[in-house]
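Enquirer: Sequence and computational prediction follow.
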Amino acid sequence: MNSLRTYAEWKHCIVELCQIQLTQAFVAERLEELRDEDNEKTRKFVSKWGDKHRKQVITWFERAQTELADASHVSH
């Protein structure tokens, strides 16, 4: 159903192909939307990609959030 199988593939798609920066604000916003099963964007996402993939994408956004938090601690 989808071709993104790993975190690295997903991150490459977001950052390189879509040219979207994974900022703390963007990641937090997407996590909030994806965790809300009543959100219209989430319902469309699940309709197209399935709930299993939604859960996987949440895991990848959580990993990105952790990486961003770790990077901000290193830079201070």
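Expert: Cool, the structure landed. Numbering: from 1, shown residues only.
Enquirer: element containing the residue most central in space within the chain, please.
Expert: In the chain, the centroid-proximal residue (CA atoms, centre = their mean) is F61; its distance is 3.5 Å. Per DSSP states H and E, F61 falls inside helix 51-74.
Enquirer: where does this structure have low pLDDT?
Expert: Filtered on pLDDT under 70, the chain yields the residue ranges 1-2, 75-76.
Enquirer: for the helix holding F61, packing partners?
Expert: Helix 51-74 sits against helix 7-12, helix 24-35, helix 40-49, with contacts defined as 3 or more CB pairs under 8 Å, 6 or more residues apart in numbering; DSSP states H and E. C-betas here are computed from N, CA, C, even on glycine.
Enquirer: TSV for those, including mean neighbour count?
Expert: Putting the helices and strands packed on helix 51-74 into TSV (neighbours: other CB atoms under 10 Å) gives the following:
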stretch	mean neighbour count
helix 7-12	14
helix 24-35	15
helix 40-49	13
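Enquirer: Out of these, which is closest to Q65?
Expert: helix 24-35 (4.8 Å; CB to CB).
Enquirer: And the contacts of that closest one?
Expert: Outside helix 24-35, the residues that touch it by CB atoms under 8 Å, 6 or more residues apart in numbering are 20, 39, 41-42, 45, 54, 57-58, 61-62, 64-65, 68-69, 72.
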